[in-house]
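>>> here's a sequence, model it:
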Amino acid sequence: MDTKSKVSIITPAFNCAETILDVIVSIQRQGSVVGEHIIVNDGSTDQTRTVIEKAVQTAKIKIRLLNQNNAGEASAVNNAVAISEGEYLMIVNSDDPLLDSCVDTLVSSLELNPAAAVAYANWNMIDENGHLLRNMFAEPFSYCSLIGNWTCIVGPGALIRKSTFGGLPARNEKYSHLSDFELWLRLATTNSFVKVDSTLSTWRKSENNATHHGRGASIARQNLQLLDDYFSNPSIPNEIKKIEKRARAHAYYSAALQMFFDSSVKGRRLIIKSYTSQMLFLDRRCSSKRSLIASISVLLHPIPLLIASALQRMGVGFPDFVQDAVKARRNAS
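Numbers count the residues shown, from 1 in each chain. The predicted model follows:
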């Protein structure tokens, strides 16, 4: 196989004129295994298309631009996958530049592990200006970490073996907020993943990204629907079926936390369901990801956020999630 056709990089793009060029440049710096960069302009109303068309003129790695009416990230990814030519695929968000040697490193990892469907690595959280906020260390792959703890352990810049899709769409458009997590769950059911212990990509913490826009009742509903759909699949292995209670406990917990961003979420009910699903985890292979403090905060909502807001004004620092919840409450007031 021609090495230039090994990897297709896909970027769904919507109103990202200020960040898309940084992403394009980061991909142009990758190795010779990248054969194409497919960018799907998902009905942008700013200068996104103009920026991309200008970049096409000087690109060394071929850029293929698709223009479509706004249909969402999952649709954009599926349309790009359908025309992709690579043996491997990488989905790179329009505001998350790759670090140098990302693609080469992950391709080497998958070729050394032919049974693996996905290779992923650590990543850096950056701010809106591209400055480093935090080094993020992804957990090693296991059923417990991904499914049992109901956590998207695979971060940005993961490489996927295209053949493992088996002709199915890459993203399930039913889960507009969780289509990446649904994909990892689906692939993990019958395949292994490999974790590379290097930092190879970035994720931009911004008011405009999908993670922030998706918070609230919608993501809580999709989380619980995905849980039910996943465990209704009769073909999942017995090893996964054995951790269903753990998965349900964490899924209810994750959905409950959305109460901090949307008061219509029945957070107290979900927290109670979380702990009645499985109060104590006796399986020591991996620890619970539920926070007792966060759980109590849901039960006492909104008092803990009012206290956190007052302390924050006094200069007391809090984890990002709490700061975001306090800010959301202030904006809603």
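
>>> report pLDDT for residue 283.
Note on residue 283: pLDDT of 50.

>>> hmm, I typed the wrong one, I wanted residue 133.
Confidence at residue 133, expressed as pLDDT, is 95.

>>> could you do residue 1 as well?
40.

>>> now do residue 158
98.

>>> how about it: what's its closest non-neighbour residue?
Nearest non-adjacent residue to residue 158, counting by CB to CB, 6 or more residues apart in numbering: residue 120, 4.0 Å away. (Each C-beta comes from the backbone N, C-alpha and C, glycine too.)

>>> with residue 325 instead?
residue 260 (3.7 Å).

>>> just list the residues touching the one you found, thanks.
Taking CB atoms under 8 Å, 6 or more residues apart in numbering, we find residue 260 in contact with 267, 297, 298, 301, 305, 321, 325, 328, 329.

>>> dump these into CSV; add neighbour count as well.
What follows is the contacts of residue 260, written out as CSV (neighbours: other CB atoms under 10 Å):
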residue, neighbour count
267, 24
297, 24
298, 22
301, 20
305, 19
321, 14
325, 26
328, 17
329, 18
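
>>> and which of the residues you listed is nearest residue 45?
Residue 45 lies nearest to residue 328 out of these, by CB to CB, at 25.3 Å.

>>> on that earlier part again, and the contacts of residue 260 as a markdown table, adding secondary structure, distance to residue 181 and pLDDT?
Listed next are these as a markdown table, based on DSSP: H, G, I helix; E, B strand; the rest coil; distance: CB to CB, whole Å; pLDDT from 0 to 100:
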| residue | secondary structure | distance to residue 181 | pLDDT |
| --- | --- | --- | --- |
| 267 | helix | 20 | 97 |
| 297 | helix | 24 | 95 |
| 298 | helix | 21 | 96 |
| 301 | coil | 25 | 95 |
| 305 | helix | 26 | 92 |
| 321 | helix | 17 | 84 |
| 325 | helix | 21 | 89 |
| 328 | helix | 22 | 86 |
| 329 | helix | 26 | 85 |
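
>>> tell me the secondary structure at the residue nearest to residue 158.
Of the three states, residue 120 takes strand under DSSP: H, G, I helix; E, B strand; the rest coil.

>>> burial measure for it, as a count.
If you count neighbours by other CB atoms under 10 Å, residue 120 ends up with 24.

>>> and for the one 5 residues further on?
When neighbours are counted by other CB under 10 Å, residue 125 registers 16.

>>> helix, strand, or coil at it?
strand.

>>> circling back: what bridges to the residue nearest to residue 158?
On the basis of DSSP bridges, residue 120 is bridged to residue 195.

>>> please tell me how far it sits from residue 141.
8 Å (CB to CB, to the nearest Å).

>>> list residues touching both of the two?
Shared contacts of residue 120 and residue 141 (CB under 8 Å, 6+ apart): 153, 193, 194, 195.

>>> these two touch, right, the third one and residue 118?
The reference is to residue 194. Yes - contact status for residue 194 versus residue 118: in contact at 7.3 Å, counting by CB atoms under 8 Å.

>>> which of the two has more neighbours?
The neighbour comparison of residue 194 against residue 118 (other CB under 10 Å) goes to residue 118, with 25 against 19.

>>> burial count for the residue nearest to residue 72 when sequence neighbours are not counted?
Nearest non-adjacent residue to residue 72, counting by CB to CB, 6+ apart: residue 176, 5.6 Å away. By other CB under 10 Å, 17 other residues sit near residue 176.

>>> verify the contact between residue 176 and residue 75 for me.
No - look at residue 176 against residue 75 with CB under 8 Å: they stay out of range, at 9.3 Å.

>>> most neighbours, which of the shared contacts of residue 120 and residue 141?
Counting neighbours by other CB under 10 Å, residue 193 leads those with 23 neighbours.

>>> grab the nearest non-local neighbour of that residue.
In space, and not counting its chain neighbours, residue 193 is closest to residue 141: 4.0 Å by CB to CB, 6+ apart.

>>> list phi and psi for that neighbour.
For residue 141, the backbone dihedrals (degrees, to the nearest 10) come out as phi -70, psi 130.

>>> same thing with the one 3 residues further on?
The phi/psi pair for residue 144 (degrees, to the nearest 10) reads phi -60, psi -50.
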